[in-house]
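Asker: with the input below, show me the fold.
(one chain, ligands or ions: 1)
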Amino acid sequence: MVQDMLKDKIALVTGATKGIGRQIALTLAGEGAYVYVNYRGSIEKAQDTVEAIKANGGNCEAICFDVASESETKEAIESIVKKEGRLDILVNNAGITRDNLIMRMSEEDFEAVLDTNLLGVFHTVKFASRYMMKARSGRIINISSVSGILGNAGQSNYAAAKAGIIGLTKSMARELSSRNITVNAIAPGFIETDMTNVLSEEVKNAAISKIPLGHFGNVDDIANMAAYLASDKAGYITGQVICVDGGMAM
Ligand code: NAP
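Answerer: Prediction:
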């Protein structure tokens, strides 16, 4: 049954075909928001999220754009605002990894991760914030990572992008707060998704040994925090980095 914490809100979730983004889209729609389910390539995968939301009684539609492309992002956000008259909630979730040790990392892999994970956030906020400013209200939630706080061997590109998101979040929060727009980051620890399923048992066990709560999190752990930050209940929270990581980064 659909709840009403986000009733009548218009939300955009980037990278919502699977994993954390899919669950955030499902949770926001489950709280009454109309959700734009962003995908970059496969309409089939986006359609899977759309059908799951609708089966739950929620409302949504898929929207195709690559967050790394400024022109595609601009066009997509303008099309949402043209249709709905506003955009209340923006969740920047799209992300990729191209892990390697720094001495073996190609410039191409470094740039690809920065382009999607950091530049992508700049693009969506640049275009969404102008409408939120006019509306004098808005919620922006950026998915960072504990890697951006602690660093991680083999992930210098990813950690740099995720640390960049934290600086971007705090600066944007300062810039947009006078217009009643909150900007916060969630820093997940290890969450069970395709991104972590590729890790070897050895790497997973080493990670678990560093998590005080002793296990990986699940997509609901992140989605519930995103829904809370998107709601009126979180109106006095801005510029924060909320770790949802089983205590890993404390
Ligand atoms: P995932 O299962 O690999 O899903 C990533 C999503 O991002 C997919 O829907 C993917 O779409 C989309 N995407 C990638 N590049 C895109 C682009 N250029 N434009 C639009 N969409 C794009 O990853 P996840 O584990 O759910 O992670 C989601 C977010 O949480 C990421 O930002 C990740 O860095 C962060 N995070 C995850 C963990 C974890 O343990 N899983 C921990 C910390 C932070 P396609 O299917 O088209 O590629």
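
Asker: show me the contacts for the residue most central in space within the chain.
Answerer: In the chain, the residue lying closest to the centroid (CA atoms, centre = their mean) is Asn93, at 2.1 Å. Applying CB atoms under 8 Å, 6 or more residues apart in numbering, one finds that Asn93 lies in contact with Val13, Thr14, Gly15, Ala16, Ile20, Gly21, Ile24, Ile143. Where C-beta positions appear, they are placed from N, C-alpha and C, glycine not excepted.

Asker: what about these, which are in helices?
Answerer: Ile20, Gly21, Ile24 (DSSP state H).

Asker: and this protein, which residues reach the ligand?
Answerer: Contact residues, the chain versus the ligand (CB under 6 Å from any ligand atom): 14-15, 17-21, 38-41, 45, 66-68, 93-96, 116, 120, 143, 145, 188, 190-191, 193-196.

Asker: now the buried members of the residues you listed.
Answerer: Restricting the residues of the chain next to the ligand to buried positions leaves 14-15, 17-21, 38-40, 45, 66-68, 93-96, 116, 120, 143, 145, 188, 190-191, 193, 195-196, with burial counted as 16 or more other CB atoms under 10 Å.

Asker: which residues in this structure form strands?
Answerer: 10-13, 34-39, 59-64, 89-92, 138-143, 181-188, 241-244 (DSSP state E).

Asker: buried deepest among those strands, which one?
Answerer: strand 89-92 (a mean of 29; mean count of other CB atoms under 10 Å).

Asker: could you pull out the helices for the protein?
Answerer: The residue ranges that make up the helices of the chain, judged by DSSP H, are 19-30, 43-55, 70-84, 107-114, 120-135, 147-150, 156-176, 194-197, 201-208, 219-230.

Asker: and the angle from the first one to strand 138-143?
Answerer: The one in question is helix 19-30. 150 degrees (axes from the mean of the first three to the mean of the last three CA atoms, to 10 degrees).

Asker: tell me how many other residues surround the nearest residue to Ser129 once chain neighbours are set aside.
Answerer: What sits nearest to Ser129 in space, not counting adjacent residues and going by CB to CB, 6 or more residues apart in numbering, is Leu176, at 6.0 Å. Here the number of neighbours of Leu176 (other CB atoms under 10 Å) works out to 20.
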